[in-house]
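[1] just need the structure, nothing else, for what follows:
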Amino acid sequence: MAMAATKNRAGRLAVLLAAVLLVAGGTTSAKERGAELYSLCSQCHGAAGAGNPATLAPSIAGLPEWYVEGQLQKFRGGLRGTHFDDIAGMRMRPMALWLRSDDDVKAVAAYVASLPRTAPAATLEGGNAAKGDALFVVCKTCHGADAAGNPQMFAPPLRGATDWYLLKQLKKFKGGVRGFNPTDQNGIVMAGMAKTLPDEQAMKDVIAYIMTLPK
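    Predicted coordinates:
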């Protein structure tokens, strides 16, 4: 009896010690988990997060953790990637759903945020940065005068973004492909802002201006 009790106490102690060691190594494990999870993301966004137009994947390296986490949760919750005209979004949603838990979402978001920002080259033609400067006045309300973003407004940084991706997203917002879900309050606000741009030329102009800002 005494020997059995001793073994039981030893077993409980071993379990407790294992739990303590797991908690102590939590920070390192979270970082490693983020890198591990990103291996799937890298198939489209690239190992450095620089993006790839062939896979409709924008540059994401260095985006704020809160923004990446928020967008992943929107994909997981059906606020993004459910409209039949959003091919890239429908491709992205299963990737977000592959993340098993909120902790996984946080881990991969932290890893993406830790990647050095990239500076994608301009690919769009025909934009007028001078005209875009005037159009960007409306955008400053949320994204800031320097387009550095504003977490209080849930507005991501725009400078250093992929220009073709910005154009696609403005079109999606304006056309009701993104920001259509009534529970996506930030998306609804952005859809309204996109509608202030009368046409594709105006979109290209404001993007041309954004591309002139320091990365």
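[2] find the residue at the geometric middle of the chain.
    Val68 (3.0 Å; C-alpha atoms, centre = their mean).
[3] so where's the protein shaky on pLDDT?
    1-28 (pLDDT under 70).
[4] what's the domain layout of it?
    Domain assignment for the chain, taken from automatic domain parsing, gives 30-118, 122-215.
[5] how about the closest residue to Gly175 other than its chain neighbours, what does it touch?
    Leaving aside its chain neighbours, Gly175 sits nearest to Asp85 (7.4 Å; criterion: C-beta to C-beta, 6 or more residues apart in numbering). C-beta here means a position set from N, CA and C on the backbone, and glycine is covered the same way. The contact partners of Asp85, taken as C-beta atoms under 8 Å, 6 or more residues apart in numbering, are 172, 175, 177.
[6] what kind of secondary structure is Asp85 in?
    Of the three states, Asp85 takes coil according to DSSP: H, G, I helix; E, B strand; the rest coil.
[7] on that earlier part again, and the contacts of Asp85, which are buried?
    For the contacts of Asp85, a burial check counting by 16 or more other C-beta atoms under 10 Å picks out 172, 175, 177.
[8] select from these every entry located in helices.
    172, 175 (DSSP state H).
[9] all helices of this protein, in order?
    Under DSSP H, the chain gives helices at 2-24, 26-45, 65-77, 87-97, 102-114, 129-143, 163-175, 185-194, 200-210.
[10] quick one: the spatially closest residue to Pro182 that is not a sequence neighbour from Asn181, how far?
    Nearest residue to Pro182, sequence neighbours excluded (C-beta to C-beta, 6+ apart): Ile188, at 7.4 Å. For Ile188, the distance to Asn181 (C-beta to C-beta, to the nearest Å) stands at 8 Å.
[11] please apply the same query to Gly46.
    29 Å.
[12] again, but for Glu36
    31 Å.
[13] equivalent analysis for Tyr38, please.
    According to C-beta to C-beta, Tyr38 and Asn181 sit 27 Å apart.
[14] more crowded one of those two?
    More neighbours surround Tyr38 than the other of Tyr38 and Asn181, with 20 against 16 (other C-beta atoms under 10 Å).
[15] can you tell me the closest non-neighbouring residue to that one?
    In this structure, Tyr38 finds its nearest non-sequential neighbour in Tyr111, 5.1 Å apart by C-beta to C-beta, 6+ apart.
[16] surely Ala129 meets Ala208?
    Yes - between Ala129 and Ala208 there is a contact under C-beta atoms under 8 Å: 4.3 Å.
[17] between these two, which is the more surrounded one?
    A count of neighbours by other C-beta under 10 Å puts Ala208 above the other of Ala129 and Ala208, at 22 against 17.
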